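**Q** this is the structure alone, sequence omitted:
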């Protein structure tokens, strides 16, 4: 009996339709499901101040119907076959996708194609209210809200720093013509990638994608906004809630920075899991927080990394001191090799185990091609993680964890005046 095929086996084919749309196909015949997505190379980072939130609003309006299907009929066409239809918006891109059994891949492609080609933006006012409620709900969740405040301070005056969902003011003033104009400007073939991974017939799927998407007229994509400047400082946002929500941010790598794997490793060591330094010190040893972690994001032109913790007001100063002590430690002492090895394996396992999902595979190849113009192989990514050394981590920590590159936000009850800098 031949061995079972490896889940890491890569066989993605790349096609360019006549109108310029890129198609990425990864057939995996040993699976039962498939994921099909349309990725648009625009998100909140490309919006003007007046447009803030339009990418996310547009994502909502996609599901309100086309000229031939109502909102319910769109959903029913997928769910009647046991599938799932959804979308999401990031700062750099928007994705509309369907996950279904392999034998229904053609149906999934037809539905996402109908939405992209023919959305009518019905129920505009009703859906505006839905998004306004979503914005209000974010502000009611301090952990989410403090991250939005942090990005506003990290990238002041730039679209990258504004909340993806926009604000009550910008959504309240937006018209259907504003949404249509944004759609017309950015949803062009040069900006579209159709990605499918899972169990399907490659030739049949490519033929269908051409049928569904080649009618979109070719047009050049507009330029993206330039890179932001990085803001620094300390700010306390007073709110009458039970905890202080602490966010500290530092400059991070853009998607093309070769040191992005060093950032990944450093973030993992500091706050990536239950064996991380901040979790061990602040939760396990001191019992100061239930939630303590690091985060790391990369975008076209820049990125960020940071620390989040939720603590009682009386423990704020002690927690900030302990966080800064750990940041200082990675600046002055080499990370032991066994700790580097542990986090290296965690990062690789997260990538490799994620390949067991057709959605993750569909998303991985698309984001790789979108950002790099090619599909980075798993072997290449694993080799880059393996190449990170303790010296790399020490150099990066020394470069980044300094007071003049730090932005700190505290959301919660007043706890006296914070200093102008954190004690790094």
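**A** Good, I have the coordinates. Remember, predicted model here, so these are calculated numbers, not experimental data.
**Q** need the three-state assignment for residue 60.
**A** At residue 60 the chain is in helix, as set by DSSP: H, G, I helix; E, B strand; the rest coil.
**Q** quick one: pLDDT of the residue nearest to it when sequence neighbours are not counted?
**A** Once flanking residues are discounted, residue 60 sits nearest to residue 127: 5.1 Å by C-beta to C-beta, 6 or more residues apart in numbering. Yep, even glycine has a C-beta here, placed from its N, CA and C like the rest. Model confidence at residue 127, given as pLDDT, is 97.
**Q** pretty sure residue 127 sits in a helix.
**A** Yes. Checked against three-state DSSP, residue 127 lies within a helix.
**Q** for it, give me its contacts.
**A** Taking C-beta atoms under 8 Å, 6 or more residues apart in numbering as the definition of contact, the neighbours of residue 127 are 57, 60, 61, 64.
**Q** please repeat the previous calculation with a cut-off of 7 Å.
**A** Residues touching residue 127, when contacts are defined by C-beta atoms under 7 Å, 6 or more residues apart in numbering, comprise 60, 61, 64.
**Q** which of those lies closest to residue 144?
**A** residue 60 (17.9 Å; C-beta to C-beta).
**Q** can I assume the closest one is in contact with residue 131?
**A** Yes. Counting by C-beta atoms under 7 Å, residue 60 sits close enough to residue 131 to count as a contact (5.8 Å).
**Q** in terms of helices and strands, where is residue 132?
**A** Assigning secondary structure by DSSP states H and E places residue 132 in helix 124-139.
**Q** next one: residue 116
**A** In the assignment (DSSP H and E), residue 116 maps to helix 105-118.
**Q** against which helices or strands is that helix packed?
**A** Of the remaining helices and strands, those touching helix 105-118 by 3 or more C-beta pairs under 7 Å, 6 or more residues apart in numbering; DSSP states H and E are strand 33-40, helix 71-79, strand 94-101, helix 202-213.
**Q** mind putting these in CSV, mean neighbour count, distance to residue 411 and mean pLDDT included?
**A** What follows is the helices and strands packed on helix 105-118, written out as CSV (neighbours: other C-beta atoms under 10 Å; distance: least, C-beta to C-beta, whole Å; pLDDT from 0 to 100):
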stretch, mean neighbour count, distance to residue 411, mean pLDDT
strand 33-40, 25, 32, 98
helix 71-79, 16, 36, 97
strand 94-101, 23, 28, 98
helix 202-213, 17, 44, 97
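**Q** between the ones you listed, which one is closest to residue 378.
**A** The closest approach between residue 378 and any of those, judged by C-beta to C-beta, belongs to strand 33-40 at 17.6 Å.
**Q** from the contact counts, what lies against the closest one?
**A** If you count contacts as 3+ C-beta pairs under 7 Å, 6+ apart, strand 33-40 packs onto strand 94-101, helix 105-118, strand 192-198, helix 358-372.
**Q** for residue 24, what are phi and psi?
**A** Summarising the backbone geometry of residue 24 under the convention degrees, to the nearest 10, its torsions are phi -120, psi 120.
**Q** report how many residues lie close to the closest residue to it other than its chain neighbours.
**A** Once its chain neighbours are removed from consideration, residue 24 has its nearest residue in residue 195; the separation is 4.4 Å (C-beta to C-beta, 6+ apart). With neighbours defined by other C-beta atoms under 10 Å, the count for residue 195 comes to 26.
**Q** ok, residue 195 touching residue 35?
**A** No. With contacts defined as C-beta under 7 Å, residue 195 does not count as touching residue 35, sitting 8.2 Å away.
**Q** hey, what's in contact with both of these two?
**A** Both residue 195 and residue 35 are in contact with residue 362, where contact means C-beta under 7 Å, 6+ apart.
**Q** in the helix holding residue 132, what counts as buried?
**A** Neighbour-count burial for helix 124-139, with 16 or more other C-beta atoms under 10 Å as criterion, is recorded at 124, 127, 128, 131, 132, 134, 135, 138.
**Q** what do you get for stretch 137-146?
**A** Using 16+ other C-beta under 10 Å as the burial criterion, the residues of stretch 137-146 that qualify are 138, 142, 145, 146.
**Q** isn't the second one right up against residue 242?
**A** No. Residue 142 is beyond contact range of residue 242, at 9.1 Å (criterion: C-beta under 7 Å).
**Q** who's in contact with residue 210?
**A** residue 17.
**Q** if you set the cut-off to 10 Å instead, what comes out?
**A** For residue 210, the residues meeting the contact criterion (C-beta atoms under 10 Å, 6 or more residues apart in numbering) are 15, 17, 18, 19, 21, 23, 194.
**Q** can you check residue 141 too?
**A** If a contact means C-beta under 10 Å, 6+ apart, then residue 141 has 147, 245 as its contacts.
**Q** tell me the confidence at it?
**A** As summarised for this prediction, residue 141 has a pLDDT of 95.
**Q** and it, how far from residue 357?
**A** With distances taken as C-beta to C-beta, to the nearest Å, residue 141 is found 27 Å from residue 357.
**Q** repeat for residue 198
**A** Relative to residue 357, residue 198 is positioned 10 Å away (criterion: C-beta to C-beta).
**Q** which one of the two is surrounded by more residues?
**A** Each of residue 198 and residue 357 had its neighbours counted (other C-beta under 10 Å), and the higher figure belongs to residue 198 (27 against 18).
**Q** contact partners for residue 36?
**A** Counted by C-beta under 10 Å, 6+ apart, residue 36 has contacts 25, 83, 96-100, 105-113, 194-198, 200, 205, 208-209, 358-359, 362.
**Q** partner residues bridging it?
**A** Listed by DSSP bridges, the beta-bridge partners for residue 36 are residue 98, residue 196.
**Q** now it: how far from residue 203?
**A** 16 Å.
**Q** could you do residue 280 as well?
**A** Relative to residue 203, residue 280 is positioned 53 Å away (criterion: C-beta to C-beta).
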